[in-house]
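**Student:** Below are the sequence and a predicted model for it; my questions follow.
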Amino acid sequence: MITKNYLTIVHSALMVTIVCTILLVAWPLSLVQADGGGPQLPPRNPPPVTPTVGDDDGEDDHNPPPGAYIELQTQSAPAEAWTVVQWQDQLGGWHEVEGWQGTLESDGSKRWWVAARDFGQSPFRWIVTQGKDGQSLAASAPFNLPTAAYEIVRSEVSLGR
C-alpha cells in the first residue's frame, strides 16, 4: 500500500521537475534583448587596443580581441570629405551607425574594427559626404560584415571629380 509520505515525495519531485523545466525553457529567452523586431546592431566601440592599419596578422604585444575590419577606398576625395557607415532595416530604410563615422585618411581610405560577435551581419554601406553635414557625394554597394578574424571587407567608391 502506498503511504502518504511516498505520495508527498512523488508530488514534490514532480513539482520540482516542472519548475526546472520551465526555468530551462524560459532562461534562454530572457537573454534575448527586445530590439523592436529589427536587427541588433553591433557595438561600435573598438577593442581596448586597436592594431594599426596594416598590422592585421594579430601578432602584437597587446593581444586585442579577435576581430576584423571594414575599409573604404576612394579616389580624388576632397580634404573635408566625411564617411558614414549605414545599416539597412527590414523595411529597406538606411540608418547611420553612430560610431562608424569620420573624416577620410590622407590616402582617401577609412577603416573600422568589427567585433567577432558581429561577423556576417548585413547589409551595410558606406556614404561619403561633402563635410560632416554636407551633400552626399557617393554611396558604396551594400556589403556584409567580415566573417573571419583579421579579414578586411573593402568597398570602393568613385567620387567622380
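**Tutor:** Cool, the structure landed. Small disclaimer: the values here were computed from a predicted structure and weren't measured. Residues are numbered from 1 along each chain as shown.

**Student:** Could you list the low-confidence segments of this protein?
**Tutor:** Across the chain, the ranges flagged by pLDDT under 70 are 1-7, 10-11, 14, 16, 19-64, 160-161.

**Student:** ok, 80 please
**Tutor:** 1-65, 160-161 (pLDDT under 80).

**Student:** what's the domain layout of it?
**Tutor:** Using automatic domain parsing, the domain ranges for the chain come out as 1-32, 67-158.

**Student:** can you pull out the helices in this structure?
**Tutor:** Remark: helices assigned in the chain by DSSP state H are 4-31.

**Student:** Quickly note the distance from Gln121 to Pro146.
**Tutor:** The gap separating Gln121 from Pro146 is 10 Å, by CB to CB, to the nearest Å. (C-beta placed from N, C-alpha, C; glycine too.)

**Student:** More neighbours: which of these two?
**Tutor:** Applying other CB atoms under 10 Å to Gln121 and Pro146 shows that Pro146 carries more neighbours, namely 20 against 17.

**Student:** what sits against that one?
**Tutor:** Applying CB atoms under 8 Å, 6 or more residues apart in numbering to Pro146 gives the contacts 68-70, 114, 119-120, 152-153.

**Student:** Would you map the strands across this structure?
**Tutor:** Ranges of strands in the chain, per DSSP state E, are 67-75, 82-88, 94-103, 109-115, 124-129, 136-139, 152-158.

**Student:** ok so, going back, deepest of the domains of the chain, which one?
**Tutor:** Most buried of the domains of the chain by mean neighbour count (mean count of other CB atoms under 10 Å) is domain 67-158; its value is a mean of 16.

**Student:** so how far is the first residue of it from its last?
**Tutor:** 28 Å (CA to CA, to the nearest Å).

**Student:** Residue numbering should commence at 69 henceforth.
**Tutor:** Will do, 69 is the new start, and the previous item becomes domain 135-226.

**Student:** I'd guessed Ser226 sits against Gln141; true?
**Tutor:** No - using CB atoms under 8 Å, Ser226 makes no contact with Gln141, being 10.0 Å away.

**Student:** thinking again about what came up before, what about the strands of the chain, which gets the closest to Met83?
**Tutor:** With CB to CB as the measure, strand 177-183 is the member of the strands of the chain nearest Met83 (42.8 Å).

**Student:** so the closest one versus strand 220-226, what angle?
**Tutor:** Strand 177-183 runs at 150 degrees relative to strand 220-226, counting by axes from the mean of the first three to the mean of the last three CA atoms, to 10 degrees.
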